[in-house]
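Novice: generate a structure from the sequence data that follows.
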Amino acid sequence: MSEKNREGKRTARERLAVEREKQKRAEKRRRGLIVGVTVIGVLGLAAVVGVIAANAGKDDGGEKAGPVVAPSGAQGKDSLAIPVGQEGARSTLTVWEDFRCPACKSFEQAYRSTIHELTDAGKLKVEYRLATIIDGNMGGSGSRQAANAAACAQDAGHFTAYHDVLYDQQPPETDDAFADSGRLIELAGEVEGLDTPAFRACVQDGTHDSWVDKSNQAFRAGGFTGTPTVLFQGKNIVQDRAMTPAKLKELVEQADQN
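Specialist: Residues are numbered from 1 along each chain as shown. This next block holds a predicted model:
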């Protein structure tokens, strides 16, 4: 491996680590807010506390509620995983992600080409699982709206391409641009065959909103500390500083040969 490639992978890992640290600080600030609100409640402002506490970190339902509608082909417990790759692949990568999450974008930039290569070759299956923690940490609904739109793209058979577009066009973390269904539909224009009346209706109606909420609840119940959480053979490779796209490819190919 050339020195340039090694430096590029090292830079990608460092950028990912920085974004994860930012995410942890945001979560800490959110928890601090909740604690502060609780103290105020003890002092007698119970009514105010009830309103604020109900909205602090709100990321599990929004204003709309409806039946849980899983996207086409979703698998696993409660049909919360969107599969990419061949069912018979010997290796499985589980990716918990949030489309507003900068660290998720950093992971994508570092690993996307390798993951595509391995899934296309039938050696790796990826289970994408969606979370909305940035909505809770920063406010807004862009994580939820984008996740719903990605599920709509899955219905249309274009999840992977649209998934990549969402990360390529990810707004700054503090910009809730993905809360705009018009923007999500506009981005569908970058995926051939996706921008159809059915896709538009799915996005605008929030067809999979309750499914997204359920997925986020599963993320929290799993005890994960942030996104991306990327599990290979039960190990979070994002936390493994020795992991690189080349090493992941080597592990997958070894498993494929056994």
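Novice: please enumerate the helices of the stretch 151-258 of the chain.
Specialist: If DSSP state H, counting those that start in this stretch is used as the criterion, the helices of the stretch 151-258 of the chain fall at 159-168, 181-188, 197-205, 209-221, 245-257.
Novice: make TSV out of those and add mean pLDDT, mean neighbour count and distance to Lys125.
Specialist: Glycine gets a C-beta too; all of them are placed from N, C-alpha and C. Formatted as TSV, those follow (pLDDT from 0 to 100; neighbours: other Cβ atoms under 10 Å; distance: least, Cβ to Cβ, whole Å):
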stretch	mean pLDDT	mean neighbour count	distance to Lys125
helix 159-168	98	20	13
helix 181-188	98	18	25
helix 197-205	98	16	25
helix 209-221	98	21	18
helix 245-257	94	16	10
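Novice: kindly reformat the ones you listed as a markdown table containing distance to Gly73.
Specialist: Shown next, in a markdown table, are those (distance: least, Cβ to Cβ, whole Å):
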| stretch | distance to Gly73 |
| --- | --- |
| helix 159-168 | 9 |
| helix 181-188 | 19 |
| helix 197-205 | 15 |
| helix 209-221 | 13 |
| helix 245-257 | 22 |
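Novice: could you list the low-pLDDT ranges of the chain?
Specialist: Within the chain, the stretches with pLDDT under 70 are 1-15, 17-65.
Novice: where along it do the strands fall?
Specialist: All strands of the chain, identified by DSSP state E, fall at 82-84, 91-97, 124-130, 229-232, 235-236.
Novice: note down every partner strand of the shortest one and its orientation.
Specialist: Put plainly, it is strand 235-236. Here strand 235-236 has these sheet partners by DSSP bridges: strand 229-232 (antiparallel).
Novice: thinking again about what came up before, now the strands of the chain in a markdown table, with mean neighbour count and distance to Asp213?
Specialist: Shown next, in a markdown table, are those (neighbours: other Cβ atoms under 10 Å; distance: least, Cβ to Cβ, whole Å):
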| stretch | mean neighbour count | distance to Asp213 |
| --- | --- | --- |
| strand 82-84 | 22 | 16 |
| strand 91-97 | 22 | 15 |
| strand 124-130 | 23 | 10 |
| strand 229-232 | 20 | 18 |
| strand 235-236 | 14 | 24 |
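Novice: which one of these lies nearest to Ser215?
Specialist: Ser215 sits nearest to strand 124-130 of all the strands of the chain, at 5.0 Å, using Cβ to Cβ.
Novice: give me the angle between the closest one and helix 245-257.
Specialist: Here strand 124-130 points in a direction 120 degrees away from that of helix 245-257 (axes from the mean of the first three to the mean of the last three Cα atoms, to 10 degrees).
Novice: please name the nearest non-neighbouring residue to the residue positioned nearest the centre of the chain.
Specialist: The centre of the chain sits closest to Glu97, judged by Cα atoms, centre = their mean, with a distance of 2.0 Å. Excluding the flanking residues, the one nearest Glu97 by Cβ to Cβ, 6 or more residues apart in numbering is Cys104, at 4.5 Å.
Novice: could you measure that neighbour against Pro228, distance?
Specialist: Computed as Cβ to Cβ, to the nearest Å, the Cys104 to Pro228 distance reads 5 Å.
Novice: where do the contact lists of those two overlap?
Specialist: Taking Cβ atoms under 8 Å, 6 or more residues apart in numbering as the criterion, Cys104 and Pro228 both touch Glu97.
Novice: if anything else comes up later, I'll come back, but that's it for now.
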